[in-house]
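Visitor: For reference, the sequence and a predicted model appear below.
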Amino acid sequence: MVDAVRAYWLIAALWIRASMAYPVSFWTMTVGGVLITFLDFVSIWLMFSHLDSYGGFSLREIALLYGVTSIAFRVADMLVGSVEKIGQKVRSGDLDAMMTKPVPVLVQLCADRFELRRLGQIAQGVAVFAWAAPIVEWTPQRLLVLVVALVSGVVIYFCVFVTFSTVQFWTTDASEFANAFTYGGNTIMQYPMTIFPREVVRSLTYLLPLAFVNWYPCLFLLGRTDPYGAPDWFRFASPLAALALVGVTALVWRQGLRRYRSTGS
Amino acid sequence: MSGALHQFSLYAAIATRSFRRYSTYTAATLAGIFTNSVFGIILSFAYLALWEQNPSAGGYQADQAITFVWIGQALLMTIALWSGGATDDLAERIRNGDIAVDLYRPVSVLGWYLAADLGRGLYHFATRGVAPTIVGALLFGLVLPSAAGAVGFLVSVVLAVVVSFAVRFLFAASAFWLLDATGPRVLLSVLATFFSGLTLPLTLFPDGLRQVALALPFASYIQTPADIWLGRHAGPDLLAAIGLQVLWAVVLLGMCALVLRAATRKVVVQGG
């Protein structure tokens, strides 16, 4: 495990140095990334010029939901987002080369083309969160729940990235399929769950437990009860959801890797 | 006359091959349709909640707003909102120098790439445009256009592809001077996402910003075709809306031609 983390950072450092070779590109991409995610929040903000509350939530409460899911998602995206490129690596034969190296394939895939510029998008999530933070009456307990939720959130999104990218071992050019769950997951969690039908919220709790990234923990931070009547302990259950998902992901990944046959090119 | 006919069949051949090139990747298309549909569903619920609170926001009824969502999902690949069409090939060929080959072909470079992009657009419209729209209609029930609205919509979509192509061409051509067009490409994605109406209909923008946004070429991408579908532009207003798209198409293609001429001189001077 320690070896894997060390190998990850060695590869990542290599890509950071490479991206710094074109400073103008690096900075335009960083600023561009921040702007895209920033405008994403602006459109929610513009919606509020036509509303007082949205699904029973105020703008700042939604900003809290937005901030927590964004930070978790963007950190995961920076660390492991490259795993989306499995299909490309299979087609080009690069995956064969990766298999001959004394570093786990998953580590190599995730660290490949590590993009430091994604720090900008993480910063945007932090900024929105910071703006929302004053509405929470902070206690040590709430702070702890927040930290645990953020760490679990990163792990949950990590699993979503890996699980749905593994599909590409079967269909190499279907990389966009994963976007529905990764980017789509982050998008859906930016909204209060009250605007979705009960079935959607159930699915996001029991099938793909994204609601544990921000929805349940934020209900605790805001001192609200769940409008759908989920048990109170769900608010602290983010690590459990993350652990369960890690188990599933490990299984899927193993199956995928076993399924892999080189293209021979 | 036979010259014009020859030209036409040439561009038609380019467009057909471009269409076929994109149609090779069936799994990618299916995956894309799935993803567009998922985003369509998420946005539909988001809009339903908004219009429930404010039933006439932006001048739309709730069912019109939902229809707007699905038109946006249907068009975003057709117009290559986040790039990825023929103009990406252009940027790559400028970077690696293959553009020199394009420049000495006895065909207009602009015409070649436009034909290729229209072929691609038709493929994406027929697959990633039509399929998510059917999903949206089944799940949420969409507002259907009148006969005039439908014809106007199709014309407007073709113009949307041309306007978007010209804008992407200009940004890609910046590679002639910058060598790497990734920065401008990201900037363009930002502008196009926000000002096309994809994230929020432009009519919901606050006063001032709204008028500016509606006049920009990005409004031609999604806002204008959607409003025509929804019957918000009818009669003389319909002609005015399409007229603005034509105006942008002509102005922007003219700019592309000028940029290309300046760039050609530069390539010749540098020897490639």
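Guide: It's in. Here the structure is a predicted model, which is why all the values come from computation and not from measurement. Numbering: from 1, shown residues only, chains lettered A, B, ... in the order given.
Visitor: List the residues that contact the closest residue to B:F176 other than its chain neighbours.
Guide: Of all residues not flanking B:F176 in the chain, B:A263 sits nearest, at 4.1 Å (Cβ to Cβ, 6 or more residues apart in numbering or on different chains). (Each C-beta comes from the backbone N, C-alpha and C, glycine too.) Taking Cβ atoms under 8 Å, 6 or more residues apart in numbering or on different chains, we find B:A263 in contact with B:A173, B:F176, B:W177.
Visitor: Which residue would you name as the spatial centre of chain B?
Guide: Closest residue to the average C-alpha location of chain B: B:I79 at 2.2 Å, with Cα atoms, centre = their mean.
Visitor: Go ahead and confirm it touches B:S164.
Guide: Yes: assessed by Cβ atoms under 8 Å, B:I79 is found in contact with B:S164 at 4.2 Å.
Visitor: one step back: now render the contacts of B:A263 as a markdown table, adding distance to A:D3, neighbour count and pLDDT.
Guide: Output for the contacts of B:A263, formatted as a markdown table (distance: Cβ to Cβ, whole Å; neighbours: other Cβ atoms under 10 Å in any protein chain shown; pLDDT from 0 to 100):
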| residue | distance to A:D3 | neighbour count | pLDDT |
| --- | --- | --- | --- |
| B:A173 | 47 | 23 | 90 |
| B:F176 | 47 | 21 | 85 |
| B:W177 | 46 | 12 | 84 |
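Visitor: For chain A, state which of those is nearest.
Guide: Taking Cβ to the nearest Cβ as the measure, chain A sits nearest to B:W177 out of the contacts of B:A263, at 12.2 Å.
Visitor: roughly how far is the one helix or strand the closest one maps to from the heart of the chain?
Guide: Element membership for B:W177, per DSSP states H and E: helix B:175-178. Centre-to-centre, helix B:175-178 and its host chain are 23 Å apart (Cα atoms, centre = their mean, to the nearest Å).
Visitor: who does the very next helix or strand once past it touch, helix- and strand-wise?
Guide: Remark: after helix B:175-178, the chain's next helix or strand is helix B:182-195, criterion DSSP H and E. Counting contacts by 3 or more Cβ pairs under 8 Å, 6 or more residues apart in numbering or on different chains; DSSP states H and E, helix B:182-195 is packed against helix A:23-47, helix B:147-173.
Visitor: Any chance of JSON lines for those, columns distance to A:P140?
Guide: Listed next are the helices and strands packed on helix B:182-195 as JSON lines, based on distance: least, Cβ to Cβ, whole Å:
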{"stretch": "helix A:23-47", "distance to A:P140": "29"}
{"stretch": "helix B:147-173", "distance to A:P140": "51"}
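Visitor: Can you tell me which of those helices is packed in deepest?
Guide: Of all the helices and strands packed on helix B:182-195, helix B:147-173 has the most neighbours on average by mean count of other Cβ atoms under 10 Å in any protein chain shown, namely a mean of 22.
Visitor: Chain B contacts on chain A?
Guide: Neighbours of chain B within chain A, by Cβ under 8 Å from any Cβ of the partner chain: A:22, A:24-25, A:28-29, A:32-33, A:35-36, A:39-40, A:42-43, A:46-47, A:49-55, A:171-177, A:179-180, A:184, A:187-188, A:191, A:194-197, A:200.
Visitor: Let's see that with 7 Å instead.
Guide: Residues of chain A lying close to chain B by Cβ under 7 Å from any Cβ of the partner chain are A:22, A:24-25, A:28-29, A:32, A:35-36, A:39-40, A:43, A:46-47, A:49-51, A:54-55, A:171, A:173-174, A:176-177, A:179-180, A:184, A:187-188, A:191, A:195-196.
Visitor: Of all the helices and strands packed on helix B:182-195, which one is nearest A:W233?
Guide: Across the helices and strands packed on helix B:182-195, A:W233 has its closest neighbour in helix A:23-47 (29.9 Å, Cβ to Cβ).
Visitor: In terms of helices and strands, where is residue 122?
Guide: I'll assume chain A. Counting by DSSP H and E, the element that carries A:I122 is helix A:119-132.
Visitor: meant chain B actually
Guide: Using DSSP H and E, B:L122 falls in helix B:109-124.
Visitor: Which residues does that helix contact?
Guide: Where contact means Cβ atoms under 7 Å, 6 or more residues apart in numbering or on different chains, the residues beyond helix B:109-124 that reach it are B:11, B:14-19, B:22-23, B:77-78, B:85-87, B:90, B:102-103, B:161, B:165, B:169, B:253, B:256-257, B:260.
Visitor: and that helix, how far from the chain's centre?
Guide: In terms of Cα atoms, centre = their mean, the centre of helix B:109-124 is found 11 Å from the chain centre.
Visitor: likewise stretch A:183-190?
Guide: Computed by Cα atoms, centre = their mean, the chain-centroid distance of stretch A:183-190 equals 9 Å.
Visitor: repeat for stretch B:204-220
Guide: For stretch B:204-220, the separation from the chain centroid amounts to 17 Å (computed by Cα atoms, centre = their mean).
Visitor: Other residues contacting that stretch?
Guide: Residues from elsewhere that reach stretch B:204-220 (Cβ under 7 Å, 6+ apart): A:46, A:49-50, B:57-58, B:159-160, B:163, B:167, B:191-192, B:195-196, B:202-203, B:223, B:245, B:248, B:252.
Visitor: for stretch A:100-112, same thing?
Guide: Residues contacting stretch A:100-112 (Cβ under 7 Å, 6+ apart): A:4, A:7-8, A:11-12, A:79-80, A:82-83, A:85-86, A:89, A:98-99, A:253, A:257.
Visitor: Just the CA coordinates for the worst-scoring helix or strand of chain B on mean pLDDT, please, in CSV.
Guide: Least confident element among the helices and strands of chain B, by mean pLDDT, DSSP states H and E: helix B:175-178 (a mean of 83). What follows is helix B:175-178, C-alpha atoms only, in CSV (Å, rounded to 0.1, in the frame of the first residue of the first chain):
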residue,chain,number,x,y,z
ALA,B,175,-3.2,27.7,-33.2
PHE,B,176,-1.6,29.3,-36.2
TRP,B,177,-0.2,31.9,-33.9
LEU,B,178,-0.3,30.1,-30.5
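Visitor: by contact count, what packs against it?
Guide: With contacts defined as 3 or more Cβ pairs under 7 Å, 6 or more residues apart in numbering or on different chains; DSSP states H and E, the packing partners of helix B:175-178 are helix B:86-96.
Visitor: elements contacting the helix or strand just after the helix it packs on?
Guide: Per DSSP H and E, the first helix or strand lying C-terminal to helix B:86-96 is helix B:99-103. With contacts taken as 3+ Cβ pairs under 7 Å, 6+ apart, helix B:99-103 sits against helix B:109-124, helix B:236-270.
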